[in-house]
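Asker: pasting the sequence and the predicted model now:
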Number of protein chains: 2
Amino acid sequence: MDDSIFDKAAAAATLMLQASGDDRARWLRSVADALDARTDDLVAIADGETHLGATRLAGEVARTTGQLRLFADVVTEGSYLEATIDHADTATTPPRPDLRRMLRPLGPVAVFSASNFPFAFSVAGGDTASALAVGCPVVVKAHPGHAELSRLTASIVREALHAAGAPDGSFALVEGHEAGVVLVQHPVITAVGFTGSLAGGRALHDLAAARPAPIPFFGELGSINPVVVTPAADAARGAELAAGLLGSFTLGSGQFCTKPGVVFVPEGSTLLQELASLPLPPAQPLLTDSIAAGFDSGIERLLSVPGVDLVSGDAGGPVVVSAPLGAMAEHGEELLAEVFGPVTVLLRYSDFDAVVPALDAVEGSLTATLHAESSDNTDAVLRSLERISGRVLFSGWPTGVAVTWSQQHGGPWPATTSQFTSVGATAVRRFLRPIAYQDAPESALPVALWESNPLGIPRRVDGVLVVGSTPK
Amino acid sequence: MDDSIFDKAAAAATLMLQASGDDRARWLRSVADALDARTDDLVAIADGETHLGATRLAGEVARTTGQLRLFADVVTEGSYLEATIDHADTATTPPRPDLRRMLRPLGPVAVFSASNFPFAFSVAGGDTASALAVGCPVVVKAHPGHAELSRLTASIVREALHAAGAPDGSFALVEGHEAGVVLVQHPVITAVGFTGSLAGGRALHDLAAARPAPIPFFGELGSINPVVVTPAADAARGAELAAGLLGSFTLGSGQFCTKPGVVFVPEGSTLLQELASLPLPPAQPLLTDSIAAGFDSGIERLLSVPGVDLVSGDAGGPVVVSAPLGAMAEHGEELLAEVFGPVTVLLRYSDFDAVVPALDAVEGSLTATLHAESSDNTDAVLRSLERISGRVLFSGWPTGVAVTWSQQHGGPWPATTSQFTSVGATAVRRFLRPIAYQDAPESALPVALWESNPLGIPRRVDGVLVVGSTPK
């Protein structure tokens, strides 16, 4: 690894601080346009490296460039700065100074790409976009599963940033395991974004926490995404639920962090019977050899649990297994461990009241889903689903993550390691920290805090939230 | 320690989730009223244990109860929930679901009291107030420096919460070092608030990070609070600055986390000459024996650095020392280490341009202060002060922290360990995490996300921030 990237990133951080929100929005849109223009080339390389298929991959490019443009909008809108002004008050004891606060960029950010989204969670994905959006230089650690794609994407990003006037050093790509370890420990790096495995993520989390000056580690490490089906829902639409579940757990060969990994169904459920008779999609090559090996050993581990039945599928392809809920008492850990790939575990309950205590054993998840009828009393189940997840779905399936203002992609450990989201508008908050200015002359203040509000952004003034009204 | 407090806290967390913001605001105001009513008793005990003086302590009670009432206002105002609604959009590909997001309480929080603010950063201080405000039960680890006061405060808090209808288990007090270690490691605890020493804070930070499921550790660990005086400011008002600095570094016998610990002054400065001739306040007993011992050894360490002169003061009382800026090359670590107590270090520069590189050696601080004249070019110094701190002051002194919407009390490591503040309205964000609800029936949604906005709170709807207009 070329160590000069750190000096360049540090220098870029200072220059990026001076760029306006409009500048940064322009950089992001430049990157989005450049990626859109090269979609065909990018998809061809990505398909060769990931086997995810041209249609899905082209859609993912569009999602990725849409994401870059959303962050451009977020920056322009300006609420994300949390600009707050309290005017001086000489009547209080002691007299209160003029105090103005806003969020500022943390500094250079390390981003670890994921294997399963070679665009949306990779070189130009959500972590990179949200860091650049708020003025943080980015050093991406490429995922070895799509190395050639990473290099091409990086060169497009670099050129587009340069063409739009972003400082040199605002973006860099590194490769190799050792480079990742160096990144997390380097004093110039101020935060880490990571999407990957629990083992790899835990190791990097611990490195970040053990630094002489620890830095925040925003990791997404794994998620079982429980689904609860009530007896009434199963009776009302068991066949429809079976088809929906099948589509969701096999989408992208089950290689989604939001794949429904465990489903609580009533004993003798229509859902299970229907699912057993539905044809499963054919086996597809998984993303990497190690993911394929992990899938195989995960299936083997599941099938070795006493009481586990194979409902559908066979070696190498999509698999549905089932066990009575009571099997959790002895084998909860194996039944609830995430197996990355196209498998889902149906846990059959005899008594719906047993589901809430069972959910207590489920670790933090990105999502939790409830299929119920309006006649069901689901208060207790809902409280459990909220407690263990960051997104609670009703009558839907968790795969598919809309990139919006209100999205929450994060949950209690190990789903993510933070109180923020990695998808959606508020993902930018991860790479910001507040600074207050006390009795500052206007010449020393960032424009967002000038009395006249020239940016026209929403601000809180003397305790009252005021939506910006000054035209830009 | 009575282990049942954890079960009670977990049970309280569930009940507190169901309480309204108005309920929680009422709890906080009940605690504030009860503390105000017992001010005389509280101050008498506190003065006996801390030697901080009745006037200061009575003021601190008022600050503490004002803080509880500010958080009640924050909860009622409702912006802190970050309520966000994106309506379904069937025109997008794929169709976008209805998605509604808000912040919810993390769960039971452990709070470690500070020695130096027996009210404002202790049992009923900012951490406790901000956690209770958002619906998190609190278990306080008492500071041994004011154990009797802690017990009385806790009993007042418990009774006031009970009287206002807060659930049992919403508040508890524990004592002893070992209890603190148990707290940070207990699975029921979801976050830690800590104000104290770097050594103790680092140890607890590392414990929190090493848990099987790590939790956020919001620590405030130490701060040197650099002050920069330009030659022009020294020439224009050196005597005034000397008096201001003297007042600030000796306030509360220098036992403030915002004490100005290092001051960059021009060689031959009026400030230094004036300070040398000003009478220092008499020595006061420090908070604890270990703080007194740490102060003595800190002074000894400073005076042993080659080039360090004693400007004023003597053993046991306030002390001013001085050194040429060049001494930092060999002894920066000793010169810039926080010494808790009434001492400040004047570093004399010959060339103002040498100050920016010197600031690069200053660790993260809560505050950074600039004294300049309008004719000074201070751009580079300002960028450095922003980089190393969370509050930048102009022509003031950092002691005194207004409890307001815009306050920022936090900074880069080791000042604090988070991207939040521990003082001021946004301190509540530490104890919250987002949950999104996808396609939820209104009956399953928290009131804050109902379509009609019955709480009348500010919300972002389809990307547009709308200040609540529905009357309550």
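Answerer: That came through fine.
Asker: got the buried residues for the helix or strand encompassing A:T65?
Answerer: According to DSSP states H and E, A:T65 maps onto helix A:54-77. Across helix A:54-77, burial judged by 16 or more other Cβ atoms under 10 Å in any protein chain shown covers A:57-65, A:67-72, A:74-77. No exception for glycine: its C-beta is placed from N, CA and C like everyone else's.
Asker: filter those down to the ones near chain B?
Answerer: When contact is defined as Cβ under 8 Å from any Cβ of the partner chain, those meet chain B at A:E77.
Asker: so what secondary structure elements neighbour the helix holding A:T65?
Answerer: Contacts defined by 3 or more Cβ pairs under 8 Å, 6 or more residues apart in numbering or on different chains; DSSP states H and E place helix A:54-77 against helix A:21-37, helix A:39-50, helix A:126-133.
Asker: among these, show me which one is buried the most.
Answerer: Looking across these with neighbours counted as mean count of other Cβ atoms under 10 Å in any protein chain shown, the highest average goes to helix A:126-133: a mean of 30.
Asker: which other residues reach that helix?
Answerer: Helix A:126-133 is contacted by residues A:24-25, A:27-28, A:31, A:67-68, A:71-72, A:74-75, A:109, A:111, A:120-121, A:137-138, A:140, A:157, A:161, A:166, A:170-171, A:191, A:193, A:195, A:218, A:403, A:422-423, A:427-428, A:430-431 when judged by Cβ atoms under 8 Å, 6 or more residues apart in numbering or on different chains.
Asker: can you give me the domain boundaries for chain A?
Answerer: A:4-221+A:417-466, A:226-394 (automatic domain parsing).
Asker: dump these to TSV, plus distance to B:P279 and mean pLDDT.
Answerer: Below are the domains of chain A laid out as TSV (distance: least, Cβ to Cβ, whole Å; pLDDT from 0 to 100):
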stretch	distance to B:P279	mean pLDDT
domain A:4-221+A:417-466	23	97
domain A:226-394	59	96
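Asker: returning to what we had before: quick one: name whatever helix or strand follows the helix holding A:T65.
Answerer: Moving toward the C-terminus from helix A:54-77, the next helix or strand (DSSP H and E) is strand A:84-86.
Asker: check which helices and strands the next helix or strand after that next one sits against.
Answerer: Next helix or strand after strand A:84-86 toward the C-terminus (DSSP H and E): strand A:99-105. Helices and strands touching strand A:99-105, by 3+ Cβ pairs under 8 Å, 6+ apart, are helix A:4-18, strand A:84-86, strand A:432-438.
Asker: in which helix or strand would I find the residue most central in space within chain A?
Answerer: Among the residues of chain A, the one closest to the centroid is A:S422, at 3.6 Å (Cα atoms, centre = their mean). For A:S422, there is no helix or strand it lies in under DSSP H and E.
Asker: isn't it right next to A:G219, touching?
Answerer: No - judged on Cβ atoms under 8 Å, A:S422 makes no contact with A:G219 at a distance of 9.0 Å.
Asker: between these two, which contacts overlap?
Answerer: By Cβ under 8 Å, 6+ apart, the residues touching both A:S422 and A:G219 are A:193, A:195, A:416.
Asker: turn the residues you listed into a markdown table, including secondary structure and neighbour count.
Answerer: Below are those laid out as a markdown table (DSSP: H, G, I helix; E, B strand; the rest coil; neighbours: other Cβ atoms under 10 Å in any protein chain shown):
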| residue | secondary structure | neighbour count |
| --- | --- | --- |
| A:G193 | strand | 28 |
| A:T195 | strand | 27 |
| A:T416 | strand | 29 |
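Asker: got those residues as a markdown table, with distance to A:T288 columns?
Answerer: A markdown table is the format used below for the shared contacts of A:S422 and A:G219 (distance: Cβ to Cβ, whole Å):
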| residue | distance to A:T288 |
| --- | --- |
| A:G193 | 21 |
| A:T195 | 15 |
| A:T416 | 22 |
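Asker: was I right about A:A242 contacting A:V265?
Answerer: No - taking contacts as Cβ under 8 Å, A:A242 lies outside contact range of A:V265: 9.7 Å.
Asker: look up phi and psi at A:A323.
Answerer: phi -150, psi 150 (degrees, to the nearest 10).
Asker: still on that earlier bit, CA-only coordinates of the helix holding A:T65 in CSV, if you can.
Answerer: Output of helix A:54-77 as CSV, limited to C-alpha atoms (Å, rounded to 0.1, in the frame of the first residue of the first chain):
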residue,chain,number,x,y,z
ALA,A,54,-27.0,-8.5,-15.7
THR,A,55,-30.5,-7.5,-14.9
ARG,A,56,-30.0,-7.4,-11.1
LEU,A,57,-26.6,-5.7,-11.6
ALA,A,58,-27.9,-3.0,-13.9
GLY,A,59,-30.6,-2.3,-11.4
GLU,A,60,-28.0,-2.1,-8.7
VAL,A,61,-26.0,0.5,-10.7
ALA,A,62,-29.2,2.6,-10.9
ARG,A,63,-29.8,2.2,-7.2
THR,A,64,-26.2,3.3,-6.5
THR,A,65,-26.4,6.4,-8.7
GLY,A,66,-29.8,7.2,-7.3
GLN,A,67,-28.2,7.0,-3.8
LEU,A,68,-25.4,9.4,-4.8
ARG,A,69,-28.1,11.9,-6.0
LEU,A,70,-30.2,11.4,-2.8
PHE,A,71,-27.2,12.4,-0.7
ALA,A,72,-26.6,15.4,-3.0
ASP,A,73,-30.2,16.4,-2.2
VAL,A,74,-29.6,15.9,1.5
VAL,A,75,-26.6,18.1,1.5
THR,A,76,-28.4,20.9,-0.4
GLU,A,77,-31.4,20.7,1.8
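Asker: tell me what angle it forms with helix A:21-37.
Answerer: 170 degrees (axes from the mean of the first three to the mean of the last three Cα atoms, to 10 degrees).
Asker: chain center to helix A:54-77, what's the gap?
Answerer: Distance of helix A:54-77 from the chain centroid (Cα atoms, centre = their mean, to the nearest Å) equals 14 Å.
Asker: next: stretch A:225-239.
Answerer: Chain-centre distance of stretch A:225-239: 27 Å, with Cα atoms, centre = their mean.
Asker: buried set for it?
Answerer: For stretch A:225-239, burial by neighbour count (16+ other Cβ under 10 Å) applies to A:225-234, A:237-238.
Asker: end to end, how far does that stretch reach?
Answerer: Its first and final residues considered, stretch A:225-239 spans 21 Å by Cα to Cα, to the nearest Å.
Asker: ok, that stretch near chain B or not?
Answerer: No - Stretch A:225-239 lies out of reach of chain B by Cβ under 8 Å from any Cβ, never closer than 12.5 Å.
Asker: list of residues touching that stretch?
Answerer: The contact list for stretch A:225-239, computed with Cβ under 8 Å, 6+ apart, reads A:241, A:245, A:258-266, A:269-271, A:273-274, A:352, A:355, A:359, A:362, A:365-373, A:375-376, A:378, A:381, A:385, A:388-389, A:397-398.
Asker: kindly report the same for stretch A:375-386.
Answerer: A:226, A:228, A:230, A:232-233, A:355-356, A:359-360, A:368-370, A:372, A:392, B:14, B:17, B:104, B:435, B:444.
Asker: out of those, which are buried?
Answerer: Taking 16+ other Cβ under 10 Å as the criterion, what is buried in these is A:226, A:228, A:230, A:232-233, A:355-356, A:359, A:368-370, A:372, A:392, B:17, B:104, B:435, B:444.
Asker: have a look at A:A242 and A:V265 and say which one is more surrounded.
Answerer: Ranked by neighbour count (other Cβ atoms under 10 Å in any protein chain shown), A:A242 and A:V265 place A:V265 first, with 28 against 23.
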